[in-house]
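Novice: please find the sequence and the predicted model below.
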Amino acid sequence: MTSLEQSSGPLPMIRFNGITKTYDGGRPAVDDLSMDIDRGRITVFVGPSGCGKTTSLRMINRMVEPTSGTILLDGQDVALQKAAELRRSMGYVMQSSGLMPHRSVIDNIATVPRLNGVPRAEARARATELLDVVGLASELGRRYPGQLSGGQQQRVGVARALAADPPVLLMDEPFSAVDPVVRAELQEELLRLQRDLAKTIVFVTHDIDEATILGDKVAVFAVGGRLAQFAAPEEILRAPVDDFVAGFVGRDRGFRHLSFQQGDHVTVHPIETIEVDQLADPTVSVRSAWTLLVDADGRPHGWVPQATRGSIATQADAVPGGSLYTRGDTLRRALDAALSSPSGLGVAVDDDGRAIGVVRAAEVFELIERARLDRGRADHNTAV
Amino acid sequence: MDYSSSNLFVQMGEWLSDPVNWSGSRGIPMRVLEHLGYVGLTMLIACAIAIPLGLFVGHTGRGRVLIVSGIGILRALPTLGMVFLFALLFYRGVLPSVWALVLLAVPPVLSGVYAGISSVNRTVVDAARSMGLTERQILFRVEVPNGLQVMIGGVRAGILQVVATATVVAYAKADGLGVFLVEGTQINDNGRLFGGAVIIAVLAIAVDGLMALIQKFAISPGLRAQQPPAGPLKESGRQEAVASAQGGTT
Ligand SMILES: Nc1ncnc2c1ncn2[C@@H]1O[C@H](COP(=O)(O)OP(=O)(O)O)[C@@H](O)[C@H]1O
Ligand SMILES: [Mg+2]
């Protein structure tokens, strides 16, 4: 038995073969992507918002069809498989849990086994076990998703993805919407789970920190859907291949310190808002490319892009927002808010959770740079 | 019928309390049954048309513009006018009335079903599809149960309108509660006229109450309990549940 056996197995679990995806008329969202995803490992897709991570992930289970190229799962072209069956053979976890509100937690978890014909009692018993696996008390199984906290819902989402014991797990920013403390906890538990389960996990994040913590290998995507670098996290940190990756990683080197840097100086810009009640009224138009959706109390509930204003009539249609930046919070939270936001504008809120404006990633970076210079040389010597 | 007073309400009361009006094939119970029969037939046909159509458009989003404008046109049609038009065009008997009532019932049912399905959170639908539910399974296991509140609301609105309007049948045939209105007008019997109107109103309220009950029991409790339990939430589920099992002491 050789130690190389696992990493150089003959057949990758998933192979992207010259994959390009162009949405109607636009520039490619994913540009000629070729890569092999190792069996039983965590592969992380990381990069700024809009660089094609989600698109790449969703082509694996055919939620998006590539414009050209092939994807092989275990050597088989996914395009030749029945979409529904293919999807049932992979767990899928997304940013907002996507749990079915009308079903109890247990029945949500049991969904795929039930589709596969597992008897109800058996599927429920297994679902109850899974609650324990993801660190939830079995009493929670009888509740409905609406009665759970965000972190609990994400755990249920993971349990649901594991329920049919699929060899592959696809995770799209599963921990981005929960607060940093819970996020760290969930990351920890994913690694713990993975030690036992050894699934092939494809994990999408915009947070390079999260990528290096979780990834056995990390794929850095650049704007335009280009795969900039694909390597072990140590290598990406040590030897970024180009300026883009270096910038992204350089950011990370300062990132850890950001947790302690107060963001008092971040400029909060005004932003056009639209109230939930006004959505159904087509005469209320929006002027900005991105308008913030707020409720009657001024709390943010996602984004309304100008281009699709006409098709957004309820809160559910709005583009989900990213994490929130509470005024006075750390730079890290500010950066996180800006990077996780589909509009590239991080939503700033006051202590009561009411939107007060937006922060821009570029300006947060500038503050980070300044803070880094301030930290001086002593710190430089200990870095990396 | 002889009334003891010329007061409208007294006449109505006397007509309603006269046992003669409560028995036989021309009595109130029989008329109520006939009326409900027409309502049932109308709703059956309307639902058979509107529900599949609404499900299809709600799920696929195709033909949205078409049904929205179609509903607008149907809503603008005068029901009584349609009764006479159909009677002229096709045949005698009650069927023209039923078809006119169907035209009345289709818009609320169709828009309710369509709105119910398309109101379902797209993220939930996307998650269901990603898990490997087929389109049919998505429709019936996710979209219908989640949109049911709005869907039944549409059916309810339709029934209410049809109960109130099924009186038009009486223009073609002496059937249903409309008979009291037609007769009351013809023989100048105000007690009968207003008594009949009150019965229709009471029937409408009763049927609507029944529908409200059905609506209540058909909806998953998960859709009513969207609020997280009160009090500060601990994110870690296990700790929280343990804490609550121990009576809230940590
Ligand atoms: N359904 C869609 N239709 C049109 N354009 C899309 C669609 N989904 C994504 N895009 C575009 O493709 C690009 C990549 O998107 P995405 O894969 O979601 O990026 P990421 O997950 O890295 O943020 C973006 O420019 C986005 O606007
Ligand atoms: Mg994404």
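Specialist: Right, received. Where do you want to start? Ligands and ions are numbered 1, 2, ... in the order given.

Novice: so where do the helices sit in chain B?
Specialist: B:8-17, B:28-60, B:64-76, B:79-89, B:95-118, B:122-131, B:135-137, B:144-165, B:178-186, B:190-218, B:221-224, B:237-245 (DSSP state H).

Novice: tell me which of those helices is the most buried.
Specialist: helix B:95-118 (a mean of 24; mean count of other C-beta atoms under 10 Å in any protein chain shown). In this view, the C-beta of every residue, glycine as well, is placed from N, C-alpha and C.

Novice: can you give the domain ranges for chain A?
Specialist: Split into domains by automatic domain parsing, chain A comes to A:14-250, A:273-366.

Novice: now do the first one: distance to the chain's middle.
Specialist: The reference is to domain A:14-250. Distance, stretch centre to chain centre, for domain A:14-250: 8 Å (C-alpha atoms, centre = their mean, to the nearest Å).

Novice: go ahead and flag the most central residue of chain B.
Specialist: B:Arg156 (2.4 Å; C-alpha atoms, centre = their mean).

Novice: got the contact list for it?
Specialist: Shown in contact with B:Arg156 (C-beta atoms under 8 Å, 6 or more residues apart in numbering or on different chains): B:208, B:211-212, B:215.

Novice: mean pLDDT for the domains of chain A: which is lowest?
Specialist: Lowest mean pLDDT within the domains of chain A: domain A:273-366, a mean of 87.

Novice: does it come close to chain B?
Specialist: Yes. Using C-beta under 8 Å from any C-beta of the partner chain, we find that domain A:273-366 touches chain B at A:314, A:316-317, A:320.

Novice: for that domain, measure first residue to last.
Specialist: Start-to-end span of domain A:273-366 (C-alpha to C-alpha, to the nearest Å) is 26 Å.

Novice: and it, anywhere near ligand 1?
Specialist: No. Domain A:273-366 does not reach ligand 1 (C-beta under 6 Å from any ligand atom); its nearest approach is 7.5 Å.

Novice: in stretch A:325-341, what counts as buried?
Specialist: A:325-327, A:329-341 (16 or more other C-beta atoms under 10 Å in any protein chain shown).

Novice: so of those, which ones are in helices?
Specialist: Using DSSP H, the subset of the buried residues of stretch A:325-341 located in helices is A:331-340.

Novice: next one: the residue nearest to the centre of chain B from ligand 1, what distance?
Specialist: With distances taken as C-beta to the nearest ligand atom, to the nearest Å, B:Arg156 is found 36 Å from ligand 1.

Novice: same question, A:Ala362
Specialist: In this view, A:Ala362 and ligand 1 are 18 Å apart by C-beta to the nearest ligand atom.

Novice: in which helix or strand would I find that residue?
Specialist: Assigned by DSSP states H and E, A:Ala362 belongs to helix A:361-382.

Novice: contact partners for A:Glu122?
Specialist: For A:Glu122, counting by C-beta under 8 Å, 6+ apart, the contacting residues are A:Pro113.

Novice: right, and the helix or strand after the strand or helix carrying it?
Specialist: Secondary structure assignment for A:Glu122, by DSSP H and E: helix A:120-133. Using DSSP H and E, the helix or strand that follows helix A:120-133 towards the C-terminus is helix A:150-162.

Novice: tell me the angle of that next one relative to helix B:122-131?
Specialist: Using axes from the mean of the first three to the mean of the last three C-alpha atoms, to 10 degrees, the direction of helix A:150-162 lies 30 degrees away from that of helix B:122-131.

Novice: what segments of the stretch 1-150 of chain A are strands?
Specialist: Listed in chain order, the strands of the stretch 1-150 of chain A (DSSP state E, counting those that start in this stretch) span A:14-21, A:30-37, A:42-46, A:68-73, A:76-77, A:90-94.
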